[in-house]
Each structure stands twice: as structure tokens, then as C-alpha cells.
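Novice: take a look and give me a structure for this.
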Amino acid sequence: MSGGGPHEARLLPWSTPEGKPCYLDSDGSGYISRVADTIESVQLGLAGDLLDHADELLAEDEVPPDQLRQTLAQVTEALRNVHRIAQSRGARLPLDPDGYA
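Specialist: As a prediction, the model looks like this:
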């Protein structure tokens, strides 16, 4: 995706069962776009909550390794979701005449 504006195909916040990305080619006003917006909002909220939890763990003197491992797995998933949202939104930014968003 090169960032061509509001009618650029949108990277959706979910994948196919095979793990391939899903795209939506629309003007952004339909039902699927609203569902994607809602899912992205939930994902961003969960990422924020998870950052707070990770900060709490980092402030503790001793944390069990299994709790650290579980939190790291959750942080990795949240970061993957946030990265996908950033890619999706960045690809839909209008480019200025010099080719920058």
C-alpha cells in the first residue's frame, strides 16, 4: 500500500483463517468499515490497559517467570495489532505533492 488517500484499499484488523491479510475496497462509510473501526478501537484500548499492567510488573521487585512470559506474549500480540492499525491508517493518508503523508 502506498498511501493514496481515502479510497485506498483498507487493511482490516483481522486475517483470513490462513493468516493472510484482509483488505476492504470501499469509501470507508459502510458496515464493514464501521466494524473494523470498532475492532481497532477495542484493540487500542486493550493495548493501553496492557501497557499499564506491564508498567506495574516492571515496578515490582520479583515477578514469577510464567507471569512475565504470559505478559510478554500479550504485549507482543497487542503490538502486532497496533502495528497493523498504524499500517492501515498510514496507507489511507492522503499524500502531499512531494509524496509524503
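Novice: what's the next secondary structure element after the host helix or strand of residue 52?
Specialist: Assigned by DSSP states H and E, residue 52 falls within helix 31-59. Heading C-terminal from helix 31-59, the first helix or strand you meet, by DSSP H and E, is helix 65-91.
Novice: returning to that earlier point: tell me which other helices or strands the helix holding residue 52 touches.
Specialist: Under the contact criterion of 3 or more C-beta pairs under 8 Å, 6 or more residues apart in numbering; DSSP states H and E, helix 31-59 touches strand 10-15, strand 21-24, helix 65-91. (Glycine included, C-beta is placed from N, CA and C.)
Novice: what strands line up against the second one, and which way round?
Specialist: Read it as strand 21-24. strand 10-15 (antiparallel) (DSSP bridges).
Novice: quick one: distance of the partner strand to the chain centre.
Specialist: On the basis of C-alpha atoms, centre = their mean, to the nearest Å, strand 10-15 is displaced by 9 Å from the centre of the chain it belongs to.
Novice: one step back: deepest-packed of the helices and strands packed on helix 31-59, please.
Specialist: Of the helices and strands packed on helix 31-59, the one with the most neighbours on average (mean count of other C-beta atoms under 10 Å) is strand 10-15, at a mean of 18.
Novice: ok, back up a step: any chance of TSV for the helices and strands packed on helix 31-59, columns distance to residue 47 and mean pLDDT?
Specialist: Shown next, in TSV, are the helices and strands packed on helix 31-59 (distance: least, C-beta to C-beta, whole Å; pLDDT from 0 to 100):
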stretch	distance to residue 47	mean pLDDT
strand 10-15	12	95
strand 21-24	19	95
helix 65-91	4	95
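Novice: quick revisit: which positions within the helix holding residue 52 qualify as buried?
Specialist: Buried residues in helix 31-59, counting neighbours by 16 or more other C-beta atoms under 10 Å, are found at 36, 40, 43, 47, 50, 54.
Novice: and the third one, what does it touch?
Specialist: Contacts here follow C-beta atoms under 8 Å, 6 or more residues apart in numbering; on that basis residue 43 touches 13, 78, 81-82, 85.
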